[in-house]
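[1] Predicted model follows, preceded by the sequence.
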Amino acid sequence: MNYASYLQLNQLLSLQQPASPSAEHRNENLFIITHQTYELWFKQLIDELHLAIALIEEGDIPAAIETMTRVNAITQTVVNQIAVICTLKFHEFQRFRSYLGTASGFQSYQFAGIEALLGKENPKKLQQYQGDEEAQRRLAAIIQPVSLWQAIRGHLMRLNDQPNQAAQGFDDIIRQSLTRSGCESLLLNQLLDLDSLLQEWRYRHVKLVERTIGQRKGTGGSSGSDYLKSTLFTPIFDELWNAIN
């Protein structure tokens, strides 16, 4: 066992297969590697989120906080990675764009699974996999019966379901949890950080699309930047944001 065999490096480095003429391979390779790297980070995020949900349901909030620290660090890396692909100029992308066919980031079943895991399932996205048995099988392994937000919501409700305690609305429970010093406040603030990062990623993705395809339709048939703009300012944890506004 050595470095190359442990990482299956030969196989990994053979997975970049540009479809465009060789003169365009440098730029198409950048496009492929960037998106393959996204999918690798998505795979790790799914593992971390599965663990975070399990820990919260067990009541081990300190361990869940540690796990969410890693989730946010990975998400920050995903956001920062856009700077690399933003070096791809409009004319450089247009030279190989037609070779993508109908491939689109909208089709990422891992990202659709992450959204559902967090608590923001998108039925329209999930419908596109109805004819793809492999994607459905993998999605079934990603999506849990309880989302991250449902797990946290349930934990807070249990924590505040004390004898002789006056009934409270959930907004009040959120606000009180945020104002108290403790694990629940830390965890909720981590969710706010994660949601902010995801919204930043969506915004930077919109600007990337605008600079590489303008107002043209997306390769997957979407309206391109117009569709992406419609996803802005739609937080995952809207119940949490609403409680503090």
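    Looks like it arrived, so ask away. The structure displayed is predicted, hence computed values, not measured ones. Numbering: from 1, shown residues only.
[2] Can you list the low-confidence ranges for the chain?
    162-167, 214-229, 231 (pLDDT under 70).
[3] ranges for the helices of it?
    3-6, 9-13, 25-58, 61-80, 82-85, 90-97, 109-118, 123-127, 133-142, 148-159, 170-179, 183-213, 225-230, 238-244 (DSSP state H).
[4] who wins for proximity to A103 among those?
    Nearest to A103 among the helices of the chain is helix 25-58 (9.1 Å), distances taken as CB to CB. All C-beta atoms are positioned from the backbone trio N, CA, C, and that covers glycine.
[5] Report all helices and strands that that closest one contacts.
    For helix 25-58, the packing partners by 3 or more CB pairs under 8 Å, 6 or more residues apart in numbering; DSSP states H and E come out as helix 61-80, helix 82-85, helix 90-97, helix 109-118, helix 148-159.
[6] Out of these, which is the most enclosed?
    Of all the helices and strands packed on helix 25-58, helix 109-118 has the most neighbours on average by mean count of other CB atoms under 10 Å, namely a mean of 21.
[7] Run the chain-centre distance for that one.
    Centroid displacement of helix 109-118 relative to its chain, using CA atoms, centre = their mean, to the nearest Å, is 6 Å.
[8] For stretch 233-245, what is the distance to the chain centroid?
    Centroid displacement of stretch 233-245 relative to its chain, using CA atoms, centre = their mean, is 17 Å.
[9] Pull out the buried positions in that stretch.
    Neighbour-count burial for stretch 233-245 flags 235-237, 240, 243 (criterion: 16 or more other CB atoms under 10 Å).
[10] who's in contact with that stretch?
    For stretch 233-245, contacts defined as CB atoms under 8 Å, 6 or more residues apart in numbering pick out 115, 118-120, 149, 153, 170-171, 174-175, 178, 188, 191-192, 194-195, 198-199.
[11] If any of these are buried, give me the PyMOL selection for them.
    Those of these that count as buried under 16+ other CB under 10 Å are selected in PyMOL with:
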select buried, resi 115+118+119+120+149+153+174+178+188+191+194+195+198+199
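[12] one step back: the helices and strands packed on helix 25-58: which one's closest to R211?
    Per CB to CB, nearest to R211 of these: helix 90-97, 6.2 Å.
[13] could the helices and strands packed on helix 25-58 be laid out in CSV, adding distance to A103?
    Formatted as CSV, the helices and strands packed on helix 25-58 follow (distance: least, CB to CB, whole Å):
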stretch, distance to A103
helix 61-80, 19
helix 82-85, 15
helix 90-97, 10
helix 109-118, 13
helix 148-159, 29
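[14] Among those, which comes closest to I142?
    Of the helices and strands packed on helix 25-58, nearest to I142 by CB to CB is helix 109-118, at 3.3 Å.
[15] Okay then, goodbye and thanks.
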